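Q: Sequence first, predicted model second:
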Protein chains: 2
Amino acid sequence: MYMEPNSTTENRIKEAARKIFIKKGLAGARMQEIADEAKINKAMLHYYYRNKEQLFKKIFEEVAAEFVPKIFSILGEDRPLEVKVQDFVSHYLDMLTRNPFLPLFVLSELRSQPEFFENAVGIKRSGILEKLAVQLKAEAKAGHIKPISPANFMANLMSLSIFPFLAQPMLQLIFSMNTQEFKNFIEERKQLIPQFIMSSLKT
Amino acid sequence: MYMEPNSTTENRIKEAARKIFIKKGLAGARMQEIADEAKINKAMLHYYYRNKEQLFKKIFEEVAAEFVPKIFSILGEDRPLEVKVQDFVSHYLDMLTRNPFLPLFVLSELRSQPEFFENAVGIKRSGILEKLAVQLKAEAKAGHIKPISPANFMANLMSLSIFPFLAQPMLQLIFSMNTQEFKNFIEERKQLIPQFIMSSLKT
DNA sequence: GTCTATAAGCAGATAGAC
DNA sequence: GTCTATCTGCTTATAGAC
């Protein structure tokens, strides 16, 4: 069987574990299912990662590390607020369209394992929040926007961008959307969310 | 041991199961833990509900039935949009403050068991969405608000209200809030969310 | 490093006495 | 209706050959 050059056993395990854990969570996933997905023997999982918890922890940290920091790198850029908001929304809606299960996975497991998160994210030490706070204050003082706290600004931005993916099954049910229509709905929101946010901040 | 008048075995089972399932989900919950919580024997769970799945299904339907319909009863009222938004936000933020785990539970299990939901919710047959659509169109035509689709309107309203509870551990971590500070943050948003929504719709 | 076989423990479910 | 004891099957984890 042909395999990718860097399709090492360890890589295949990680890809398989990622897929299964994201779909079923820690408690719902089965080591056998991960082994099957990786096309290896179950015993190999224990050879590379001593047990299920360690394998999960590894996966979760990697996922959280790619899910969260981008939030802050975009918001830390040296650009007008409106541009940052557009970049953020555009990036996240694309990323989540490719990985619609990611938010529920991260938030679910974060609820039961908050300590996994502390290490995975270097937010508080990054100084980006302070920078954002300064910018919000400056743009308010200049009369461009209404005053708003960083926490509320971020909560709004993340809510509007991420929640629809969490609630995708419910939204599709309520509004009778099939999967393609949901994608169109998200595509439309790439324009709408920045408009909502900026016009809600109009002075 | 003194017990509440209607503290029947069956009620105690349901309360215990609700608590454990909401915290751990279907896969993570243990029948033994539910039995302990209800202060009864594990065998009783099987006497009242044949198996774990049936017990879970019962609980989930009850939770979903109290979580969802209120959304639509408020939005179906015959009042100005702005008042409905205020009522919705006020009601849901109170309810979620008392039950912060509810949204994650409903959305998680809804992802793996979408069919549980169909019955629990009679939205599509209620005609309320049509009513909301008419109102949004009318208020736009009268020049009170910008045009917006019901799906986007609802997605915004639910996102801003519900997401902060889903992300509570992350928000507390990022913004260094303790639990009381998070409650204050939510309390503040009771005023802010309706303002955001209505001013984002200003013509 | 990789496999097969198996051990060990756990969780859901039932039998049967009271 | 309620309990104790037990069975059965599944899941994680290990032992040991190659």
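A: Received the coordinates, thanks.
Q: Could you look up the SS state of A:Ile59?
A: At A:Ile59 the chain is in helix, as set by DSSP: H, G, I helix; E, B strand; the rest coil.
Q: Which residues are in contact with it?
A: Residues near A:Ile59 by Cβ atoms under 8 Å, 6 or more residues apart in numbering or on different chains: A:Lys14, A:Ala17, A:Arg18, A:Phe21. The C-beta positions use only the backbone N, C-alpha and C, and glycine is treated the same way.
Q: quick check, nearest of the residues you listed to DNA strand C?
A: A:Lys14 (12.7 Å; Cβ to the nearest atom of the strand).
Q: That closest one and A:Asp36: what is the separation?
A: Distance, A:Lys14 to A:Asp36, by Cβ to Cβ, to the nearest Å: 15 Å.
Q: element containing A:Asp36?
A: Using DSSP states H and E, the element containing A:Asp36 is helix A:31-38.
Q: Could you report the separation of the closest residue to A:Leu129 other than its chain neighbours from A:Ile128?
A: Leaving aside its sequence neighbours, A:Leu129 sits nearest to A:Pro150 (Cβ to Cβ, 6 or more residues apart in numbering or on different chains; 5.8 Å). Applying Cβ to Cβ, the value for A:Pro150 to A:Ile128 is 10 Å.
Q: before we move on, what about A:Ala27?
A: Distance, A:Ala27 to A:Ile128, using Cβ to Cβ: 34 Å.
Q: Just the buried residues of the strand or helix carrying A:Pro194, please?
A: Assessed by DSSP H and E, A:Pro194 sits inside helix A:179-200. Of all the residues in helix A:179-200, those buried under the rule 16 or more other Cβ atoms under 10 Å in any protein chain shown are A:Phe182, A:Phe185, A:Ile186, A:Arg189, A:Lys190, A:Leu192, A:Ile193, A:Pro194, A:Phe196, A:Ile197, A:Met198, A:Ser200.
Q: per-domain residue ranges of chain A.
A: Chain A breaks down by automatic domain parsing into domains covering A:9-60, A:68-200.
Q: show me the contacts for the residue nearest to A:Leu129.
A: So A:Pro150 contacts A:Leu129, A:Leu132, A:Ala133, A:Leu136, B:Phe175 (Cβ under 8 Å, 6+ apart).
Q: go on, A:Lys39?
A: Applying Cβ under 8 Å, 6+ apart, the residues contacting A:Lys39 are A:Arg12.
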